[in-house]
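# Next comes the sequence, and after it the predicted model I'd like to discuss.
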Amino acid sequence: MKKIIFSAILLFTYVLIFACDPLITVEGKEKSKYKRNDEVIVKVKITFTHRNCTVDIKDTKFEQEGIKILSGTDWKEVEPGIWERKLKIKIIAEKGQEAKLTVVRACNKGGCNLSKTFPL
């Protein structure tokens, strides 16, 4: 019983802390190691945990470290409160450097921040 109550408290706290739930996945087969000039298609999925977000989906920011965003689709609402966008990125980092894409949404309900690292 204590485990159930503890789990419920953790879930409730998670929902209160994070206003959205981001996910970054590689389309196709993900590599264990990437090289400079590799081009990768990633899908960014954001689920609003608070149904009435005050920040427009277009205000989502992407921070780039060792990568360059070449192109991207428009945001598409695939289900109510679930948005997706694909980005074509190019690895520009050298071996020993970091290649990372970070999704950032800032709002008064906590926003979200998630990074995906591409090992070199």
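Now that the structure is in, tell me what you want to look at. None of the values given here were measured: they were computed from a predicted structure.

# what's in contact with stretch 77-96?
Contact with stretch 77-96 is made by 27, 34-48, 51, 57, 62, 64-76, 99, 101, 118, 120, as judged by CB atoms under 8 Å, 6 or more residues apart in numbering. Yep, even glycine has a C-beta here, placed from its N, CA and C like the rest.

# Just the ones of those in strands?
39-48, 62, 64-65, 67-72, 76, 101 (DSSP state E).

# Low-confidence stretches in this structure?
Counting by pLDDT under 70, the ranges of the chain that qualify are 1-19, 50-52, 109-110.

# which residues of it fall in helices?
2-17 (DSSP state H).

# I figured residue 107 hits residue 55, correct?
Yes: Residue 107 is in contact with residue 55 according to CB atoms under 8 Å; the separation is 4.3 Å.

# Could you pull up the residues touching residue 97?
Going by CB under 8 Å, 6+ apart, the list of residues near residue 97 reads 66, 120.

# Oops, could you answer that again for residue 40 instead?
Residue 40 sits in contact with 26, 27, 34, 88, 89, 90, 91, 118, where contact means CB under 8 Å, 6+ apart.

# Burial check on the fifth one, number of neighbours?
Residue 89 has 23 neighbouring residues, counting by other CB atoms under 10 Å.

# beta partners for it?
residue 40, residue 69 (DSSP bridges).

# That'll do, ta.
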